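Trainee: My questions are about this predicted structure, shown below with the sequence.
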Amino acid sequence: MGADFLGTWISPVEYARQYASRRRIEDVKHPNMSYHVQVESHMSLTGSNADKRILIRPSEQGAAIAALYNALAAKNGAPAVPAPKINDKAAAAIKELSNRLQSAKGKALVVSGSNNLGDQLLINAINQLLDSYGNTIGFERVSKQRQGMDREAQELLGEMNKGAVDVLIVLGDANPAWELPNAEEFRTAMAKVKTKISMVGVPNETASLCDYIAPDHHYLESWGDAEPKAGVYSLQQPTIAPLFNTRQAGESLLRWAESANFDPGTAEEPPYYRYLKKFWKENLFPQQSAYSDFQKFWDHSLHDGIFSLPANADYAVNPVDVQAAAGMQEKPSSAELEMAFYETVNIGGGQYATNPWLMEMPDPVARTTWNNYMAIPVYWDGGNEWKAFKGLNENEIYGMADKVEVEIGGRKQTVDCIRQFGLAENTLAMALGYGREQIGVCGYQEGVNVNPWLGLDKNGNVRYYATDVAVSDKVGEDDAFACVQYHHTMGVKGKDPKTGEELNVDEKTVMTLREGYQGGLTERSVLYYGSTKNLAELVEHIKEKRSEAQEWVENSLYPYDEYNEKYYSQGHHWGMHIDMNACIGCGACQVACIAENNVPVVGRKEVSRHHEMTWLRIDRYFFGDYENPHVAYQPMMCQHCDNAPCENVCPVAATNHSSEGLNQMTYNRCIGTRYCANNCPYKVRRFNWLDFSTADIFPANEYYVSNEEVPFGADNLTRMVLNPDVTVRSRGVIEKCSFCVQRLQEGKLTAKKEGRKLVDADVRSACQTACPTGAITFGDLNSKGDLAKRLDSPLNYYVLEEVGIRPSVAYSARVVNTDESLKPERGEEAHGENHEG
């Protein structure tokens, strides 16, 4: 019910790992997948991974929850609650959903991302009806994350306005003078506070209004602890000495409070370290029995980074006053247009907008960077064109975004648009966190600040949607449309308005994108997908297509058998497997690759020119019903082909093949012809059009990403992020995924020092390490480790295998757990009609 638990809701990394464990298909005869239904108004990251999406308008969420409760209450003899009407499609789908939930009683779970208290109470009542407590919901380790209350911020605002606050201390990344819906009122109230102190480490809007700034250490410079779950305590220790003359916030508070617990400490044991150690000695050490000596207990906890007390299995579920809960809910709006607001996985609510890696990370669904574009619904005209709300963004394929004026609550702003599948009817969506004014050079005035458009519900909690929305016609164009993907669909189906027959809309609309732009790919082995209903058919289809591809692979002039006998089969042959049923598209792998391999940030303007430098991209494809499609995420990096077409076109042999199957780059030999990039069917090679990393000796080649005085990465501070084991590239050089060759070498050296052979477990690529779901497996194709097990599935295939280039990265077909028949074929008749027309 609107909870983006794979993206931004409470503990997404934890939930992603648990979620993926029930999405993998280990046995194609018994898939045993969980069934995931997402009720939402716009395509969230979690919704894009769902088996079924039920589309509601943002203001209908409370009514949808009440409708689901009533449907289940009728089946379990519980009292009904008032439930306002919702759209007919959603009402029918929720009734069907209640039947599935009832049949899965004791094995079902319903969660909601709503900020409304009444909604959450009814969700609790639904889970009681489903016997979820004690089965799918446990109280042994209660989460203590995300415990803040919006209502308390409003209470503070009231006290400030009354002059009842003498001192205001703002900790961490808190930024109420910008984040709150009534931030302007908060800024006015701050003037009534005598002393205002910010302890933020980087500039923000609230700190700019404070009398004093006492900057906290960076978290990597700090001591600390946390209790994310009841009875689970983690210890935090610094990894680097403070770079600046800062002081830990905890120490400052101890000093200002003149606390009896304050110990001045030493350089080796700073005050907050001693306070933390004393707290653990007095509060946690007595609760355990494994250690009689505190120092041993402390050393062990510090080494492991975690200490756990026995889980508490005792709990009591209190009955919910469902009538009172229903009275707290928001009622659906009759407005013509509604706008949904959401946090993104890259910059959250704006707290991470200072990080250029995250600003340049594409939104998983929209595939846009550096801006929060307004998502507008897409429609198929029944002929050969995609149409969008108000006819906007007709030139999106050419890198142009239309500008419109949006007015909500009397506040008008100009925003850029992007066409988006999977939006509810008459619903728009925009991301939070952009349009910062006090932030430094990275996120300064990038995008639009939508916080003033937020509202408050009757309980004082933030309402993340607006109903009084007015949108103008086109008022201009943005020629810096920073979108990294324009090929959106791969097997989207629709019905012919004349005959009623199902056809491939990709093929019908290809002419609007340029002839052959997308239609040619629908017959290629780029994406295989199916449903649990036709899983056997999908397996047979993949087997047939791979058999056909092998004929092309074997009829080659390339002496693969000779090289395989001499090199690949003798030592290591590195490869990778990607499970597209486990991949949720979060982008963690992409950012990890950037950090590990010194991939430069190029900025919005260069991204709009398609000059992004990311070695690993995640292609997002829509398939199925065009009105509410399914989504597949496909991480795409260099495939390290054993018959690589990039190698034989380089005039200076700057790219070559190693005896271990790696497609290697010699940077100082590359002269920048880009023949290799042109000949790569996967388009994974990147060219340094400018000197993005200041590695060039010619200053004129440097590129300024933002409004900084010197190029990003030129000063000593930002250059500290560079990995010393990886070469920094300069202008005019091609680069691409190296399979983290530096990690391979490190693993070999470690094995050599220990006097043993290198094994799969010694080496993990950066993308594999960062993946929260374990979708990426890297290893030796000659070994019998985890990679070999993954490659044994009949759902595996190689992208564009029929080209005959022998890629070393395998993919598992995307499977949706649904009774819907998602045919693996691409529709020969539609393909033929397209070319005849």
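Mentor: In hand now; what should we look at?
Trainee: Leaving out sequence neighbours, find the closest residue to residue 33.
Mentor: Nearest residue to residue 33, sequence neighbours excluded (CB to CB, 6 or more residues apart in numbering): residue 817, at 4.3 Å. C-beta coordinates here come from the backbone N, C-alpha and C atoms, glycine included.
Trainee: residue contacts, that neighbour?
Mentor: By CB atoms under 8 Å, 6 or more residues apart in numbering, residue 817 lies in contact with 31, 33-36, 51, 531-532.
Trainee: Mind pulling the model confidence for it?
Mentor: Looking at residue 817, its pLDDT is 93.
Trainee: Of the contacts of residue 817, grab the buried ones for ChimeraX.
Mentor: Buried members of those, defined by 16 or more other CB atoms under 10 Å, are picked up in ChimeraX with:
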select :31,33,35,36,51,531,532
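Trainee: element containing residue 107, please.
Mentor: Under DSSP states H and E, no helix or strand contains residue 107.
Trainee: Count residues in the vicinity of it, would you?
Mentor: Number of residues near residue 107 (other CB atoms under 10 Å) recorded here: 14.
Trainee: let's number from 389 now, not from 1
Mentor: Okay, using 389 as the starting number, the last item reads as residue 495.
Trainee: Got phi/psi on it?
Mentor: Dihedral pair for residue 495: phi -130, psi 10, per degrees, to the nearest 10.
Trainee: Likewise for residue 808?
Mentor: When read as degrees, to the nearest 10, the backbone of residue 808 gives phi -140, psi 130.
Trainee: Helix, strand, or coil at the residue nearest to it when sequence neighbours are not counted?
Mentor: In space, and not counting its chain neighbours, residue 808 is closest to residue 763: 3.8 Å by CB to CB, 6+ apart. With DSSP: H, G, I helix; E, B strand; the rest coil as the basis, residue 763 sits in strand.
Trainee: Residue 763 and residue 852, how far apart?
Mentor: Note on residue 763: its distance to residue 852, by CB to CB, to the nearest Å, is 14 Å.
Trainee: what about these two, which has more around it?
Mentor: Between residue 763 and residue 852, counted using other CB under 10 Å, residue 763 has the larger neighbour count: 28 against 22.
Trainee: that older thread, from the contacts of residue 1205, which ones fall inside strands?
Mentor: If you go by DSSP state E, the contacts of residue 1205 have residue 919 in strands.
Trainee: Could you dump the contacts of residue 1205 into a markdown table and include distance to residue 534?
Mentor: Shown next, in a markdown table, are the contacts of residue 1205 (distance: CB to CB, whole Å):
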| residue | distance to residue 534 |
| --- | --- |
| 419 | 33 |
| 421 | 28 |
| 422 | 24 |
| 423 | 26 |
| 424 | 22 |
| 439 | 26 |
| 919 | 35 |
| 920 | 34 |
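Trainee: Which two among the contacts of residue 1205 are spaced furthest apart?
Mentor: For those, the maximum inter-member distance is 14.4 Å, found between 422 and 919 (CB to CB).
Trainee: Skip the chain neighbours and tell me the closest residue to residue 1175.
Mentor: With CB to CB, 6+ apart as the measure, residue 1167 is the residue that lies nearest to residue 1175, at 3.4 Å, once sequence neighbours are left out.
Trainee: all helices of the stretch 939-1088 of the chain, in order?
Mentor: Under the criterion DSSP state H, counting those that start in this stretch, the stretch 939-1088 of the chain carries helices at the ranges 948-951, 976-984, 992-996, 1063-1067.
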